[in-house]
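K.L.:
My questions are about this predicted structure, shown below with the sequence.
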Amino acid sequence: MSGSTIATPLVEKRKPQRSTSRKMKSPYPSWFYVPAIALYLVFFALPTFASFYFALTRWSLFNVTFIGFDNFIQFFQEPQLYQSFINTLIYGFVTSAAKIVLGLALAMLLTSPIIGRGYLRAVVFFPVLVSTIGIGLTFKSLMNPFHGLINLVLSWFGLPGPGWLTDPNLALLSVASVDIWKGVGIATLIFMAGIVAIPQEYFEAARVDGAGSWKIFRSITLPLSRPATGTVIILSLIGGLRSFDLIWAMTRGGPGFTSDVVASVIYKQYQAGFYGLSTAGNVVLFLVVTLIMVPITRMLNRREVDL
Amino acid sequence: MFTRRSVRNAAVVLGSTVLIAATLAGCSADNQGGSGKTTITFQTGNSQQNVGAAKDLIAAFEKANPDITVKLDPVPQGTEGDNLIKTRLSTGSSDDVFYYNSGSLFQALDPDSTLVDLSDQSWVKDLTSDFKTVVSTKKGLYGAPFGSSFAGGVLYNIKVYDQLGLKIPTTWDEFMSNSEKIKAAGIVPIVQTYGDTWTSQLFVLADFANVSAQDKNWATKYTENKAKFANPPALEGFQRLQQTFDAGLFNKDYASATNADGLKMLATGEAAQYPMLTTVIATVQQNNPTNVNDIGYFALPANNADDTQATIWQPQALYIAKTATGAKLDAAKKLVAFANSAAGCKIQDKSYPPAGPYVDSNCKLPSDAPRVAADVQKYFDSHKTGSALEFLSPIKGPNLESIAIQVGSGISDAKTGAALYDADVKKQAQQLGLKGW
C-alpha cells in the first residue's frame, strides 16, 4: 500500500491519464519483483519490525516477556550512556571534519599537475580497500606503548611515547585518527570528482582577471565543489556516528569505558545476553542518527539548489 | 484507489514471496547418514587446548566404539560463544554434545527445556556434591565434568619468595608488606594484564571465599537483592585493587600486557605475584615448561587470617542437547560416560593439566601434576575453601572486567566502581526475571 501511494504521484506528473486507464503495460511481468521483494521482506522489513516489538520485551532467546518501555528507561539509565553519547559525537565530528579538510587538500594536490599523480592517487585510496578489522588490529600493535613501532620511532628522537590506546584521555582520539587515515581516501575521491567537474573556463577566466591561487580556491574551487562537500559530510558523519568496528577492534571501548561509543555499549549489552535491552538501544540509535542527519541533509540539499 | 488488476498482481507478488521465503527456510533439511553407523557432533571452544582435548577424546572414543563417528565443531569462546550456543539451542540446531561452563552461565541456557537430563547415568554417583549442584536445576542434572576444579587467588614465584625470605601471607597486611619488600628488591610485586580484559576481575572474584567466610549467607542475600558490592565485606575486593594501584605495585605495562606476557614475567621471576586462576598453568606449561613448578598458589588474603580461604571454581562440563534423540542420544550418552571413565581421566590429565582436585572420584591427581594443584589441595585438606560467586548465585554482571580496569587504572575509585557493578548486576537479575529486583 505504501509502495503504491509513493509511486502514483510520480507517474501522475508525467502522464495523468495513465493511473486511471493503465493501457500502457510494462514489458516485464510483475513477478519479476518477487525475488527482490522476498529478500527485502525476509532480511530487512521483517527484522526491522520485529526489532520494534522485541525492544519492548525482556528476551532471553528462550522466552519473551512483554515489559513495555522498561528497556528504554533502563537504556537511558545506563551509567556509561552519557559518556558514550559524548564520545560518539566527538568521534563523529572529529573524523568528519578532518576528512573534509584533509580530503579537500589532498584532492587539490592530486588534481594539480604533479609527478606520480596516478601512483599517489592509488596510495591515498589504498587504506579504504583494506578490511577495517585488519587495520584495527595492525594499528593496535603499532600503537602498543612498549613494543609498538610508533613509540619505538619516537624514542629514536628522544620523545616519550604516550600509551596511545591505554591512556584514558587519548584512546578515543587515537582510534579517530586511524579512522581518518582509513577514510580520507573516499573523501579525496569524491572531492577530486567534484573539482574535475568544474569547467576549466572558470579557472582560465579567473587567471586572466589576475586572481591568485588562494583567490581561485576561495571563489571558484570551494563554492563549486559544494555538492561534493555535502556528500562527504553526510557519508563521513553517518559513518562516524554509527562507527563501531574500528573501535571494537582497537580498544573494545576501553580502558574501562573511556572510548565507548553508543554502538559499542549496545554491542556489549547484546553480548551479555540482554537482547531486548540492546534492541531498544538500536532503536534509540536509529532515531538519534536520523534526528541529526535529516536536518543536515535538508540543509545541504537546499544549498545545492541555491547555487 | 486499487484497480482489480493491481490487487491481483499484488496477490501474485505476495503469494510468490511467501513461497520463496518458505523455500529459503526449508533449506535446512535433515541429513541422516544410513548404514548402521551413527554420527554425532561435538562442540567445544576453539582454543588450542580445547580442540586438542576434544580430538584426543574423540580418537580414543571412536577406537572403543567403531560404530560411532564424532564430528568436532569448534566455536568461538567467551560472550560470542555464549550467544552462539544460546541461539543454536533455542532454534533446535545445537550440536549433540557440547562443552560449556557450569554455574551461572549454564543456568542461563534454560536447561530444563533444552538439555537432556543425565541424573540416571552411572557416573553421577562418583561426582562431588559441590559439582552436582552447579550442573543441576530443581528438575534434573545435566552436565558431566571434563577437567579438574581450579582455584582463584595469587600465583607466586617460589624462587623469588625463597630468595627474599618471604612467608606465604595469610592476612592482607602481610601481603602488602611482602609486596613492598619485593618492590624494594627491584622485582615487580604484582602483575596486572589489562590487554586481556578478563584478567582484571581476579581481585574481586578470588576474594569471594573471604566474603563468604565473613558472611555465610552473603550469596543468598545478594541473589535476593539484599547484599551489595558497594558495602563491606564485598567492597574489599575493589578496595584492594585500588590500594595496590595507588601503591604503585603493578608492572609498568599493566595497561597493555596480555595474560601470556604476565605469566612469562611470573615464570621467569621478573615478577613475583599475579592474582589469577590456577588453570593458566597450562599456558606456562606450553610457554615456559621448565618453570612450571616454580609457580605456587596461595589464597587471596583477607583482613583476618581466619577468613582467608581459597575461592574454588568448578570445572566446565559436557552437556547433551534435547535435539539428540534415538541412536544419536545413545551415542552421545556413551561419549559423555567415556569422558568420565578411567580412559577419559587420562585424556583430561594430558589436555587440561590439573589445576586443582578432580570432582569425579574416578580421576586422581597424577604424580606429575603441576605444583599449583598440590597447593590448592592443601586448602581442601584444611577445609579452607569456598565456592566462587558464580556457582552460588545465578547473577554475574557482564561489565565487571571493564569496571575492574577502571578501578585498577585509577580512572575511578573503589566505591564508584563497586556501585557501578551493583547497577550492572541489577540488569542481569532483571533479565533472569528474579524476584525482588
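P.N.:
Yep, that arrived.
K.L.:
Backbone dihedrals for the nearest residue to residue A:241 once chain neighbours are set aside, both of them.
P.N.:
Spatial nearest neighbour of residue A:241, chain neighbours left out: residue A:92 (4.2 Å); criterion: Cβ to Cβ, 6 or more residues apart in numbering or on different chains. The C-beta positions use only the backbone N, C-alpha and C, and glycine is treated the same way. Phi and psi for residue A:92, reported as degrees, to the nearest 10, are phi -60, psi -50.
K.L.:
where along chain B do the strands fall?
P.N.:
Taking DSSP state E as the criterion, chain B carries its strands at B:38-45, B:68-75, B:97-100, B:144-145, B:150-157, B:188-190, B:271-277, B:295-298, B:310-313, B:317-320, B:385-387.
K.L.:
Would you convert these into a markdown table that also reports mean neighbour count?
P.N.:
Below are these laid out as a markdown table (neighbours: other Cβ atoms under 10 Å in any protein chain shown):
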| stretch | mean neighbour count |
| --- | --- |
| strand B:38-45 | 22 |
| strand B:68-75 | 17 |
| strand B:97-100 | 24 |
| strand B:144-145 | 28 |
| strand B:150-157 | 27 |
| strand B:188-190 | 24 |
| strand B:271-277 | 26 |
| strand B:295-298 | 24 |
| strand B:310-313 | 26 |
| strand B:317-320 | 26 |
| strand B:385-387 | 21 |
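K.L.:
Poorly predicted segments of the chain, please.
P.N.:
Assuming you mean chain A. Chain A contains residues with pLDDT under 70 at A:1-24, A:303-307.
K.L.:
wrong chain, I was asking about chain B
P.N.:
B:1-35.
K.L.:
Dead centre of it: give me the residue that sits there.
P.N.:
residue B:101 (5.6 Å; Cα atoms, centre = their mean).
K.L.:
contacting residues around it?
P.N.:
Counting by Cβ atoms under 8 Å, 6 or more residues apart in numbering or on different chains, residue B:101 touches B:316, B:317.
K.L.:
Contacts only, for residue B:89.
P.N.:
A:61, A:62, B:109, B:110, B:114, B:321.
K.L.:
Is it possible to mark the buried ones in those?
P.N.:
A:61, B:109, B:110, B:114, B:321 (16 or more other Cβ atoms under 10 Å in any protein chain shown).
K.L.:
Dump the residues you listed into JSON lines; add distance to residue A:175 as well.
P.N.:
Shown next, in JSON lines, are the buried ones among the contacts of residue B:89 (distance: Cβ to Cβ, whole Å):
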{"residue": "A:61", "distance to residue A:175": "31"}
{"residue": "B:109", "distance to residue A:175": "35"}
{"residue": "B:110", "distance to residue A:175": "38"}
{"residue": "B:114", "distance to residue A:175": "39"}
{"residue": "B:321", "distance to residue A:175": "40"}
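K.L.:
Which members of the residues you listed occur in helices, if any?
P.N.:
The members of the buried ones among the contacts of residue B:89 that map onto helices under DSSP state H are residue B:114.
K.L.:
and the residue nearest to the centre of chain B, what are its phi and psi?
P.N.:
Dihedral angles (degrees, to the nearest 10) for residue B:101: phi -60, psi 150.
K.L.:
about what we covered before: I'd like the strands of chain B as a markdown table, with distance to chain A appended.
P.N.:
Putting these into a markdown table (distance: least, Cβ to the nearest Cβ, whole Å) gives the following:
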| stretch | distance to chain A |
| --- | --- |
| strand B:38-45 | 16 |
| strand B:68-75 | 15 |
| strand B:97-100 | 14 |
| strand B:144-145 | 22 |
| strand B:150-157 | 21 |
| strand B:188-190 | 14 |
| strand B:271-277 | 15 |
| strand B:295-298 | 23 |
| strand B:310-313 | 20 |
| strand B:317-320 | 15 |
| strand B:385-387 | 22 |
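K.L.:
residues touching residue B:428, list them.
P.N.:
Taking Cβ under 8 Å, 6+ apart, one finds A:272, B:395, B:396, B:397, B:398 in contact with residue B:428.
K.L.:
What parts of the stretch 151-300 of chain A come near chain B?
P.N.:
When proximity is defined as Cβ under 8 Å from any Cβ of the partner chain, the stretch 151-300 of chain A approaches chain B at A:163, A:165-168, A:252-258, A:268, A:270-274, A:277.
K.L.:
Select only the buried ones of the residues you listed in ChimeraX?
P.N.:
Only the buried entries of those go into this ChimeraX selection, using 16+ other Cβ under 10 Å:
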select /A:163,165,166,167,168,252,253,254,255,256,257,258,268,270,272,273,274,277
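K.L.:
so what's the most centrally placed residue in chain A closest to, chain neighbours aside?
P.N.:
Nearest residue to the geometric centre of chain A (Cα atoms, centre = their mean): residue A:239, 1.3 Å. Sequence neighbours aside, residue A:183 is the residue nearest to residue A:239 in space, at 6.8 Å (criterion: Cβ to Cβ, 6+ apart).
K.L.:
helices or strands next to the helix or strand where the one you found lies in the packing?
P.N.:
Taking DSSP states H and E as the criterion, residue A:183 maps to helix A:171-196. For helix A:171-196, the packing partners by 3 or more Cβ pairs under 8 Å, 6 or more residues apart in numbering or on different chains; DSSP states H and E come out as helix A:81-111, helix A:117-129, helix A:132-142, helix A:226-241, helix A:245-250.
K.L.:
Figure out how far the first one is from the centre of its chain.
P.N.:
What it means is helix A:81-111. 10 Å (Cα atoms, centre = their mean, to the nearest Å).
K.L.:
Just the buried residues of stretch B:103-118, please?
P.N.:
B:103-111, B:114-118.
K.L.:
whoops, I mixed them up, stretch A:97-116
P.N.:
Neighbour count says stretch A:97-116 has A:98, A:99, A:100, A:102, A:103, A:104, A:106, A:107, A:108, A:110, A:111 buried, by 16+ other Cβ under 10 Å.
K.L.:
neighbours around residue 138, how many?
P.N.:
In the absence of a named chain, this looks at chain A. The number of residues packed near residue A:138 is 14, by other Cβ atoms under 10 Å in any protein chain shown.
K.L.:
To clarify, I was referring to chain B.
P.N.:
Using other Cβ under 10 Å: residue B:138 sits among 5 other residues.
K.L.:
sorry, back to before: ok, the residue nearest to the centre of chain B to chain A distance?
P.N.:
13 Å (Cβ to the nearest Cβ, to the nearest Å).
K.L.:
if we can go back for a sec, the residue nearest to the centre of chain A and residue A:186 touch, don't they?
P.N.:
No - in this structure residue A:239 lies outside contact range of residue A:186 using Cβ atoms under 8 Å: 9.0 Å.
K.L.:
Setting aside sequence neighbours, what's the nearest residue to residue 114?
P.N.:
Let's take chain A. residue A:120 (7.4 Å).
K.L.:
Sorry, I should have been clearer: chain B.
P.N.:
Leaving out its chain neighbours, the residue that sits closest to residue B:114 by Cβ to Cβ, 6+ apart is residue B:89, at 4.4 Å.
K.L.:
With residue A:33 as the reference, measure out to the one you found.
P.N.:
37 Å (Cβ to Cβ, to the nearest Å).
K.L.:
what's the burial count for whichever residue of the stretch 151-300 of chain B sits closest to chain A?
P.N.:
Residue of the stretch 151-300 of chain B nearest chain A, by Cβ to the nearest Cβ: residue B:255 (3.5 Å). Taking other Cβ under 10 Å as the criterion, the count of residues near residue B:255 is 24.
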